[in-house]
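Engineer: only the shape, not the letters, is given here:
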């Protein structure tokens, strides 16, 4: 048991818990209204939106898994950097438009938007279900990050005892989300980011200082891992893999219910556009974090017998905790681990709130009880947030980690399928709700089939065209099929549509 | 309710600059190399980190011009 680390860790966790409950009073509003509980009253300015989106996009899993991928696979893991570079032009150009539509019509979720745009309940249902199904494993993955750092402090045990710290952390999370809504993660995100920045700066100064600069770190990495393998003849090889993983992830990101929740909770389109220029500060941090994977290689943490158990338990995900434990004193390791664990709480809270918004708005009020009062709608959302989190907790305790990773892979390729319905409709007014629904079905089916050909172990499928092969991210290939079907069918359906102007 | 939204900004042709990060990042063969190095960083890494800054600067410029 690492007592100094554990003490600091617990102290920071208590601080954050108190903040979570205090948050209910911050810029207080009537928390029995869905847009107050679930969107913080749409009053968050540039700075809070920055922290909230940052907390959303750069999660515990990112801080553990991206360096772990670089540690294991080398240059390929760095695709996270071009991915986060490409999301900001998209944020600048597209999402202020989405915000304005949602603000004008009082939409809370992507299902609301679709229902309002096309008046098709089935499409709205498909969009809502996609959001929830794709988010659950994402929450579960946050817990994997938390599990790894708790294990790294020597808190281990068999069966239910081993899972106890995680269960306690989640009960706390559930309680403050229930009472404070979106205000809680917004406030905690500030603490989380300060801790993350401190840790990242400390590591990226201290490790190169000890090793005599970045040169020796890169020199210690096998040369084959430093760059992507050059593609053979007649294939785009790793190049198309790298590019499509980045682009596909960028497209999927803002479709996740939790990203949209953070965007809709900001007070103006200007606050969103300013964030397109300010959020890349996180991408720099992400790039530095990715390099922690190489630092772990250079310091040969896997050769240290003290970490043998950790690597056996958590695989490459243990590389960052091992690196931190091997270079810093116990108390600072506690700060770093708290940063990662709190970095899991923030997105988990936002994700469960976002799913809860969908359940209450689309499923409850939209389909089951159209005449529900605002207060009933809001209390259904609060209950749903508990159920979603419980689902994620059960998931992580009973489903082994490799399976969770496969679900995450599927999550991304399912999530991207709502892009035509939510985004393209803003630009292509001729799109038809039923055509979009069929496109969604084709894209989801094709993507799932492509993933099944790899036994759900890889996110990459090779397309062959005119004798040249393009290995690439399944999400992007299946999205192409989705868009083609939706556009072609919309044009085909057009003559049969009674002339009725679409609700804009 | 929330304060009234700010009016849609005028659209500057500079918005076209926002395509540059996509071209640069998707054209992987232009940066898949270890040289030239900078401060010990192989080209592959410092070039992409540099683009983080360039992309942010482009967004900031377009924002300034439009608001």
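Structural biologist: Received, thanks. Remember, it's a predicted structure, so these values are computed and weren't measured experimentally. Numbering: from 1, shown residues only, chains lettered A, B, ... in the order given.

Engineer: where's residue 20, which helix or strand?
Structural biologist: Reading this off chain A. helix A:3-22 (DSSP states H and E).

Engineer: chain B, not that one
Structural biologist: Going by DSSP H and E, residue B:20 is part of helix B:20-26.

Engineer: could you give me the buried positions within that helix?
Structural biologist: Of the residues in helix B:20-26, B:21, B:22, B:24, B:25, B:26 count as buried by neighbour count, 16 or more other CB atoms under 10 Å in any protein chain shown. (C-beta placed from N, C-alpha, C; glycine too.)

Engineer: can you narrow those to ones near chain A?
Structural biologist: The residues of the buried residues of helix B:20-26 that also fall near chain A, by CB under 8 Å from any CB of the partner chain, are B:21, B:22, B:25, B:26.

Engineer: list just the nearest of the residues you listed to residue A:452.
Structural biologist: Nearest to residue A:452, judged by CB to CB, of those is residue B:26 at 27.5 Å.

Engineer: relative to residue A:135, how far out is the closest one?
Structural biologist: Separation of residue B:26 from residue A:135 (CB to CB, to the nearest Å): 28 Å.

Engineer: repeat for residue A:79
Structural biologist: 22 Å.

Engineer: so the two - more neighbours on which side?
Structural biologist: residue A:79 (28 against 25; other CB atoms under 10 Å in any protein chain shown).

Engineer: surely that one meets residue A:246?
Structural biologist: Yes - using CB atoms under 8 Å, residue A:79 makes contact with residue A:246 at a distance of 4.8 Å.

Engineer: which residues are in contact with residue A:212?
Structural biologist: Listed by CB atoms under 8 Å, 6 or more residues apart in numbering or on different chains, residue A:212 has no contact partners.

Engineer: one step back: packing partners of the helix holding residue B:20?
Structural biologist: helix A:80-105, helix A:237-253, helix B:43-66 (3 or more CB pairs under 8 Å, 6 or more residues apart in numbering or on different chains; DSSP states H and E).

Engineer: who's in contact with it?
Structural biologist: Contacts of helix B:20-26 (CB under 8 Å, 6+ apart): A:82, A:85-86, A:88-89, A:243, A:246-247, B:30, B:48, B:51, B:54-55, B:58.

Engineer: contacting residues for whichever residue of chain B sits closest to chain A?
Structural biologist: Closest contact between chain B and chain A, by CB to the nearest CB, is at residue B:40 (3.2 Å). Under the criterion of CB under 8 Å, 6+ apart, the contact list for residue B:40 reads A:208, A:213, A:214, A:215, A:216, A:217, A:218.

Engineer: can I get the residues you listed in CSV including pLDDT and secondary structure?
Structural biologist: CSV is the format used below for the contacts of residue B:40 (pLDDT from 0 to 100; DSSP: H, G, I helix; E, B strand; the rest coil):
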residue, pLDDT, secondary structure
A:208, 86, helix
A:213, 84, coil
A:214, 86, helix
A:215, 87, helix
A:216, 88, helix
A:217, 87, helix
A:218, 88, helix
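
Engineer: show me which of the residues you listed are buried.
Structural biologist: A:208, A:214, A:217, A:218.

Engineer: could you dump those residues to a markdown table with distance to residue A:291?
Structural biologist: Shown next, in a markdown table, are these (distance: CB to CB, whole Å):
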| residue | distance to residue A:291 |
| --- | --- |
| A:208 | 9 |
| A:214 | 8 |
| A:217 | 8 |
| A:218 | 9 |
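
Engineer: closest to residue A:141 among those residues?
Structural biologist: residue A:217 (27.8 Å).

Engineer: neighbours around the nearest residue to that closest one once chain neighbours are set aside, how many?
Structural biologist: Across the structure, with CB to CB, 6 or more residues apart in numbering or on different chains as the measure, the residue nearest residue A:217 apart from its sequence neighbours is residue A:298 (4.5 Å). Neighbourhood size, residue A:298 [other CB under 10 Å]: 19.

Engineer: can you pull the residues of the stretch 51-200 of chain A lying near chain B?
Structural biologist: Counting by CB under 8 Å from any CB, the residues of the stretch 51-200 of chain A near chain B are A:75, A:78, A:81-82, A:84-86, A:88-89, A:92-93, A:96, A:99-100, A:103.

Engineer: would you map the helices across the stretch 201-350 of chain A?
Structural biologist: A:214-219, A:223-226, A:237-253, A:257-264, A:269-278, A:280-298, A:308-314, A:319-327, A:330-358 (DSSP state H, counting those that start in this stretch).

Engineer: of all those, which one comes closest to residue A:369?
Structural biologist: Here helix A:330-358 is closest among the helices of the stretch 201-350 of chain A (CB to CB), at 15.1 Å.

Engineer: just the buried residues of the closest one, please?
Structural biologist: Neighbour-count burial for helix A:330-358 flags A:332-358 (criterion: 16+ other CB under 10 Å).

Engineer: quick one: least confident helix or strand in chain A?
Structural biologist: Using mean pLDDT, DSSP states H and E, helix A:34-37 stands out as the lowest-scoring helix or strand of chain A, at a mean of 64.

Engineer: same for the helix or strand following it, what does it pack against?
Structural biologist: Counting by DSSP H and E, the next helix or strand C-terminal to helix A:34-37 is helix A:46-57. Secondary-structure packing of helix A:46-57 (3+ CB pairs under 8 Å, 6+ apart): helix A:183-211, helix A:257-264, helix A:269-278, helix A:330-358.

Engineer: which residues touch the residue nearest in space to the middle of chain B?
Structural biologist: Ranked by distance to the mean C-alpha position of chain B (CA atoms, centre = their mean), the top residue is residue B:55 at 1.3 Å. Counting by CB under 8 Å, 6+ apart, residue B:55 touches A:85, A:88, A:89, A:280, B:20, B:21.

Engineer: ends of stretch A:207-225, what's the gap?
Structural biologist: 20 Å (CA to CA, to the nearest Å).

Engineer: double-check residue A:176 against residue A:22; I have them as touching.
Structural biologist: No - applying CB under 8 Å as the test, residue A:176 and residue A:22 come out as separate, 9.3 Å apart.

Engineer: which one's more surrounded, the two?
Structural biologist: Just comparing residue A:176 and residue A:22: by other CB under 10 Å the higher neighbour count belongs to residue A:176, 25 against 14.

Engineer: quick one: the more buried one is in a helix?
Structural biologist: Yes - assessed by DSSP: H, G, I helix; E, B strand; the rest coil, residue A:176 belongs to a helix.
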